[in-house]
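Visitor: got a predicted structure here, sequence first:
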Amino acid sequence: MKDIASLPQPVHVRHLGHGPRKVLAIHCTIAHGGAWRGVAARLEEASFTAFDMLHHGRSPDWDGQGDFQDRNLEAAETLLTEPMDVIGHSFGATVALRLAVNHPGLVRSLTMVEPVFFKVAELDAPEVLAQHDRDARPFFEAWEAKDYPLAARLFNRMWSTADSPRWPQLPEGTRAAMIRSIPVVPACDKPLFEDSAGLLEPGVLDRVTMPALLIRGDLTHPVIGVINEGLARRLPDARSEVVTGAGHMVPISHPDAVAGHVRALWSRS
């Protein structure tokens, strides 16, 4: 595999924890690798390697070349240098799934938290996906108008819960980081909505033979429940868990529950 320095755009890598168990963690859109800090602190038996995706955190802005998911997959592959537990959240969970398909011998266990693999919902419950698309329309309208501050605010609200901090309550630096990242969200559409990577083609997910875990909050958008259950049915050895009182940002809002489910998964791998 390549190393990070040889990538067209090297990414920033964070290291969290000091335990012997090696974990590769991939964050969600409009966040950064530090979003795993709470979960990592509770899994003291592990050390996390968490990179910032392009256009996020301390990594450079994506240069627009190639496919956005492919480029971040390539970055993740440079860090998968030995058998590791792989954890991904939201868009990061779809990158984690591709890692497991491409390198099953190096992925000891796979955890996907709220994966936004919308093609699964199109196949299993198109009416629920249609509701998601209606709910997301204001965001896309703001994005198409290049009103990125409004788009970031709407995107953040759609994937938050009623008790989440409102946009004005977020630190200025957090708001600025979200606004910076928001232009790349529609660049994820082909792999998420069309399965351009072919993960749902016959036999592909059969390669994901390691123990797998799907986590969601019970207050998240209904489309995530369809996706999690659909993937759990399609994977050879997967379980699906729900965190009560949590929404899409469950790794940040409920790190104890997420860490508990992950530790249970690790006992199987």
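Guide: Yep, that arrived. Numbering: from 1, shown residues only.

Visitor: for the host helix or strand of Leu231, list the C-alpha coordinates in CSV.
Guide: Taking DSSP states H and E as the criterion, Leu231 maps to helix 222-234. This file holds the C-alpha atoms of helix 222-234, laid out as CSV (Å, rounded to 0.1, in the frame of the first residue of the first chain):
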residue,chain,number,x,y,z
PRO,A,222,-35.9,7.0,10.1
VAL,A,223,-33.9,6.3,7.0
ILE,A,224,-30.9,5.3,9.2
GLY,A,225,-33.0,2.5,10.7
VAL,A,226,-33.8,1.1,7.3
ILE,A,227,-30.1,1.3,6.3
ASN,A,228,-28.8,-0.3,9.4
GLU,A,229,-31.2,-3.2,9.3
GLY,A,230,-30.7,-3.7,5.6
LEU,A,231,-26.9,-3.9,6.0
ALA,A,232,-27.3,-6.2,9.0
ARG,A,233,-29.3,-8.6,6.8
ARG,A,234,-26.8,-8.5,4.0
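
Visitor: list the buried residues for that helix?
Guide: Across helix 222-234, burial judged by 16 or more other Cβ atoms under 10 Å covers 223-232, 234. Bear in mind the C-beta positions are built from the backbone N, C-alpha and C, glycine included.

Visitor: which secondary structure elements does it contact?
Guide: With contacts taken as 3 or more Cβ pairs under 8 Å, 6 or more residues apart in numbering; DSSP states H and E, helix 222-234 sits against helix 118-124, helix 126-144, strand 212-217, strand 238-243.

Visitor: pick the most deeply packed of the ones you listed.
Guide: With neighbours defined as mean count of other Cβ atoms under 10 Å, the helices and strands packed on helix 222-234 peak in mean count at strand 212-217, which reaches a mean of 26.

Visitor: tell me where this structure has helices.
Guide: For the chain, the helices defined by DSSP state H cover 37-42, 68-79, 91-102, 118-124, 126-144, 148-158, 172-181, 189-193, 222-234, 250-253, 255-266.

Visitor: quick check, pLDDT for the residue lying farthest from the centre of the chain.
Guide: The centre of the chain is farthest from one residue, Ala145, which by Cα atoms, centre = their mean lies 26.2 Å away. We have a pLDDT of 98 for Ala145.

Visitor: who's in contact with Glu77?
Guide: By Cβ atoms under 8 Å, 6 or more residues apart in numbering, the contact list for Glu77 reads 1-2, 99, 102-103.

Visitor: tally of neighbours for the residue nearest to Pro255 when sequence neighbours are not counted?
Guide: Excluding the flanking residues, the one nearest Pro255 by Cβ to Cβ, 6 or more residues apart in numbering is Gly38, at 3.4 Å. Per other Cβ atoms under 10 Å, the neighbour tally for Gly38 reads 17.

Visitor: distance of Leu79 from Gly217?
Guide: 27 Å (Cβ to Cβ, to the nearest Å).

Visitor: meant to ask about Val223, not that
Guide: Val223 is 13 Å from Gly217, by Cβ to Cβ.

Visitor: next one: His132
Guide: Applying Cβ to Cβ, the value for His132 to Gly217 is 16 Å.

Visitor: what of Val116?
Guide: Taken as Cβ to Cβ, the span from Val116 to Gly217 is 14 Å.

Visitor: cool, and Met249?
Guide: For Met249 relative to Gly217 (Cβ to Cβ), the value is 8 Å.

Visitor: what do you get for Ala136?
Guide: From Ala136 to Gly217 the distance is 18 Å (Cβ to Cβ).

Visitor: find the nearest non-adjacent residue to Pro10, please.
Guide: Ile4 (5.0 Å).

Visitor: give me every residue that touches the one you found.
Guide: 10-11, 13, 75, 78-79.

Visitor: which one (most neighbours) among these?
Guide: Ala75 (25 neighbours).
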